[in-house]
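Chemist: can't give you the sequence, but here's the structure:
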């Protein structure tokens, strides 16, 4: 039976709908189960959403900064950071498989931790994606201007905002299709670069640098594999090295946790979510470590200075100069993908917050396609206003607003790990969701279908690693402001929660 929405409207009945799980003893009226959404995302959608989530402009352009900080040892930084992200997504997926709901982070924090935690988690993630979307839309014009220099950048931003918002209103299956093809384009681009680079290595083709392409270049050029060690200070007072590169690396993985958001609208989350999650490791190995490893074998790492993408440099080095135009198209699709994902995630987060009583009730309404239309439109409008801020006050937007977006990722990942600890305590107490309800102790924990590895200690290991990243951020002038912004931002969220509760 279709569930009636606020305002008395009843959405059309869909062929596939979610049957709400039985409410456990632990669950109270303060933590209502979110209303039904359409389970229209298929396995191929989830696999490509998970795959594409790890590939963005951070890889195509941002990798230059990380290579400059650590040299070839950046491969170790991506491996360590990738393992941490994998464990974070495993913790989220453990909960998503047992209790697939919209607005995953916020719902789980509310259900298994506290309503305050759910408020902070949900609004932090929503605002984080507003700011990320703001940046993506503000730069989309630069990619369009590559071919059409006379089109004002604000026009490009407005067109893409309207198109993506309209697609999101058509239903979650349309969102899945958009992300499927966006991911295909990015994957093909990275695989083509890897194969092209390997061809240069195997054939021994000459390069512009005059240095023979070889994996031995990792160890033979300008200081070898660890040119800046673990951490060292340069003559101008800047810190470099493997540890400092972790800050850049971690934030390039932002968006990987989108898998958890999709669980509430996935046809078969118990099968699909574990498969997509476990694939994260080989994606990181192939698309980050594999790609950058090949690049640094063909292009000397000390010539990668950020003036152009390393992906363009690898083709330029053998005389394929059309690569810049191809990569421009790939980056344009990557920007569209980020905004598409951001708008989807934000609308579901507002929907979940509304159902928890942590956001206005109108945000919990669904349209005929099972889409939280108010959440989509509200998020799109706020993003548009943020883009206007970028155009009017770019220094303020990038120095301060993006600092919040940077630290918001760490807050989000930390809350996922803490929530997983609370989830296991609730399950062990006999108050778990669905099939776990009524089971207690080790019997209940053993019945969890997709367990976080080394669950007794792993959350604390990951939290310690994230704390290390925050400490390292304090050594970087560009990241230090994010740490201070994070403290202020958390204080604002906690104060906002107290104000909303006082009003009630």
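Modeler: Structure's in. What do you need? The structure displayed is predicted, hence computed values, not measured ones.
Chemist: can you count the residues close to the residue nearest to residue 128 when sequence neighbours are not counted?
Modeler: Counting by CB to CB, 6 or more residues apart in numbering, residue 128 lies nearest to residue 408, which is 3.7 Å off, once chain neighbours are set aside. C-beta coordinates here come from the backbone N, C-alpha and C atoms, glycine included. A count of neighbours around residue 408, defined by other CB atoms under 10 Å, yields 27.
Chemist: just the strands in the stretch 201-350 of the chain please.
Modeler: With DSSP state E, counting those that start in this stretch as the definition, the stretch 201-350 of the chain shows strands at residue ranges 232-233, 239-240.
Chemist: who wins for proximity to residue 185 among those?
Modeler: With CB to CB as the measure, strand 239-240 is the member of the strands of the stretch 201-350 of the chain nearest residue 185 (33.6 Å).
Chemist: Which residues outside the closest one are in contact with it?
Modeler: Identification of contacts with strand 239-240 by CB atoms under 8 Å, 6 or more residues apart in numbering yields 68-70, 228, 231-234, 475-476.
Chemist: Parallel or antiparallel, list what pairs with that strand.
Modeler: strand 232-233 (antiparallel) (DSSP bridges).
Chemist: can you list the residues that contact the strand it pairs with?
Modeler: Taking CB under 8 Å, 6+ apart as the rule, strand 232-233 contacts 239-241.
Chemist: 6 Å - rerun?
Modeler: If you take CB atoms under 6 Å, 6 or more residues apart in numbering as the criterion, strand 232-233 is touched by 239, 241.
Chemist: next one: stretch 174-182
Modeler: With CB under 6 Å, 6+ apart, stretch 174-182 has contacts from 41, 45, 48-49, 52, 167-168, 333, 337, 340, 344.
Chemist: need these in JSON lines with neighbour count, distance to residue 182 and pLDDT, can you?
Modeler: Output for the contacts of stretch 174-182, formatted as JSON lines (neighbours: other CB atoms under 10 Å; distance: CB to CB, whole Å; pLDDT from 0 to 100):
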{"residue": "41", "neighbour count": "26", "distance to residue 182": "15", "pLDDT": "79"}
{"residue": "45", "neighbour count": "25", "distance to residue 182": "11", "pLDDT": "79"}
{"residue": "48", "neighbour count": "21", "distance to residue 182": "8", "pLDDT": "75"}
{"residue": "49", "neighbour count": "28", "distance to residue 182": "9", "pLDDT": "75"}
{"residue": "52", "neighbour count": "27", "distance to residue 182": "6", "pLDDT": "68"}
{"residue": "167", "neighbour count": "18", "distance to residue 182": "11", "pLDDT": "89"}
{"residue": "168", "neighbour count": "27", "distance to residue 182": "13", "pLDDT": "89"}
{"residue": "333", "neighbour count": "20", "distance to residue 182": "5", "pLDDT": "88"}
{"residue": "337", "neighbour count": "26", "distance to residue 182": "4", "pLDDT": "87"}
{"residue": "340", "neighbour count": "25", "distance to residue 182": "7", "pLDDT": "88"}
{"residue": "344", "neighbour count": "28", "distance to residue 182": "12", "pLDDT": "90"}
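Chemist: Of those, which belong to helices?
Modeler: The helices, defined by DSSP state H, take in 45, 48-49, 52, 167-168, 333, 337, 340, 344 from the contacts of stretch 174-182.
Chemist: Closest one to residue 325 out of those, please.
Modeler: Nearest member of the ones in helices among the contacts of stretch 174-182 to residue 325, counting by CB to CB, is residue 333, at 13.4 Å.
Chemist: who's in contact with the closest one?
Modeler: Applying CB under 6 Å, 6+ apart, the residues near residue 333 are 182, 185.
Chemist: and with 7 Å instead?
Modeler: Applying CB atoms under 7 Å, 6 or more residues apart in numbering to residue 333 gives the contacts 182, 185-186.
Chemist: hmm, who's touching the helix or strand bottoming out on mean pLDDT in the chain?
Modeler: The weakest-scoring helix or strand in the chain, judged by mean pLDDT, DSSP states H and E, is helix 57 (a mean of 70). Helix 57 has contacts (CB under 7 Å, 6+ apart) with 331, 334-335.
Chemist: Spatially nearest residue to residue 116 (excluding sequence neighbours)?
Modeler: Using CB to CB, 6+ apart, the closest residue to residue 116 is residue 497 (5.3 Å).
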